[in-house]
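1. sequence plus the predicted model coming up.
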Amino acid sequence: KQEVTQIPAALSVPEGENLVLNCSFTDSAIYNLQWFRQDPGKGLTSLLLIQSSQREQTSGRLNASLDKSSGRSTLYIAASQPGDSATYLCAVNSNSGYALNFGKGTSLLVTP
Amino acid sequence: DTAVSQTPKYLVTQMGNDKSIKCEQNLGHDTMYWYKQDSKKFLKIMFSYNNKELIINETVPNRFSPKSPDKAHLNLHINSLELGDSAVYFCASSLGTANEKLFFGSGTQLSVL
């Protein structure tokens, strides 16, 4: 059974810092890995999707990498802003199913 | 226009009642999902429908019954509500199944008293 772990559970940084969020998964047989953002009281917004054949994806200040063999992904946020404060969730779509397996998220606070 | 909309946003009810949550997507997607987010914020798949056909049914009590009248709708009916059913329920959709981005609704916070 696929298990997804995110470290750290919470992170507080001053505005302007670059930061890295980590995600690990136990079964490397995946279709893709997705990073989501969740704001309090709201649904999830898809940030980046990395197919199993890809190594990274970029969108603006966000860069996500994927190392399938080691079961790891990182989400890099450059020049963080207070508006980046949210919970970031990593989710893996395994070959054995159609649904995403989520990690418990990293709660990010960017202080002005 | 909201892509994935679910109603109601909040639902407060007594134990033993029956309630429904509705979900609609206007993205033309083929696959819809129900996820449950518990008090520890952990998201877990409950059901998935592709073209109105059930393709995933995780270990969910049979008090929960999804219904998909058409591709754009996936409703969730819950019988005999229990305290442990209190959670946030999210509807989502994707174009296909395995390799597509998921689009989520804003959630329904269910509180069972």
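-> Arrived safely.
2. contacts only, for B:D85.
-> If a contact means C-beta atoms under 8 Å, 6 or more residues apart in numbering or on different chains, then B:D85 has B:I78, B:L110, B:V112 as its contacts. (C-beta placed from N, C-alpha, C; glycine too.)
3. so where does the nearest residue to the second one once chain neighbours are set aside fall, helix or strand?
-> Translated: B:L110. Computed as C-beta to C-beta, 6 or more residues apart in numbering or on different chains, the closest residue to B:L110 that is not its neighbour in sequence is B:L11, at 4.8 Å. Assessed by DSSP states H and E, B:L11 sits inside strand B:10-13.
4. can you list the residues that contact the following helix or strand past that strand?
-> Using DSSP H and E, the helix or strand that directly follows strand B:10-13 along the chain is strand B:19-25. With contact meaning C-beta under 8 Å, 6+ apart, strand B:19-25 is reached by B:3-8, B:11, B:13, B:32, B:34, B:72-78, B:81, B:89, B:91, B:93, B:103, B:105, B:108, B:110.
5. neighbours of residue 11, just the number please.
-> No chain specified, so I'll use chain A. When neighbours are defined as other C-beta atoms under 10 Å in any protein chain shown, A:L11 has 16 of them.
6. that's the wrong chain, I wanted chain B
-> Neighbours of B:L11 using other C-beta under 10 Å come to 19.
7. quick one: buried residues of the helix or strand where B:Y35 lies?
-> Using DSSP H and E, B:Y35 maps to strand B:31-37. Going by neighbour count (16 or more other C-beta atoms under 10 Å in any protein chain shown), the buried part of strand B:31-37 is B:T31, B:M32, B:Y33, B:W34, B:Y35, B:K36, B:Q37.
8. show the contacting residues for the fourth one.
-> If I follow you right, that is B:W34. Counting by C-beta under 8 Å, 6+ apart, B:W34 has contacts B:C23, B:I45, B:M46, B:F47, B:S48, B:P66, B:L74, B:L76, B:Y89, B:F90, B:C91, B:A92.
9. now render these as TSV, adding pLDDT and secondary structure.
-> Supplementary listing: the contacts of B:W34 in TSV, determined by pLDDT from 0 to 100; DSSP: H, G, I helix; E, B strand; the rest coil:
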residue	pLDDT	secondary structure
B:C23	97	strand
B:I45	90	strand
B:M46	91	strand
B:F47	88	strand
B:S48	88	strand
B:P66	92	strand
B:L74	95	strand
B:L76	96	strand
B:Y89	97	strand
B:F90	96	strand
B:C91	96	strand
B:A92	94	strand
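10. closest one of the residues you listed to A:L100?
-> Distance to A:L100 across the contacts of B:W34 (C-beta to C-beta) is lowest for B:I45, with 7.0 Å.
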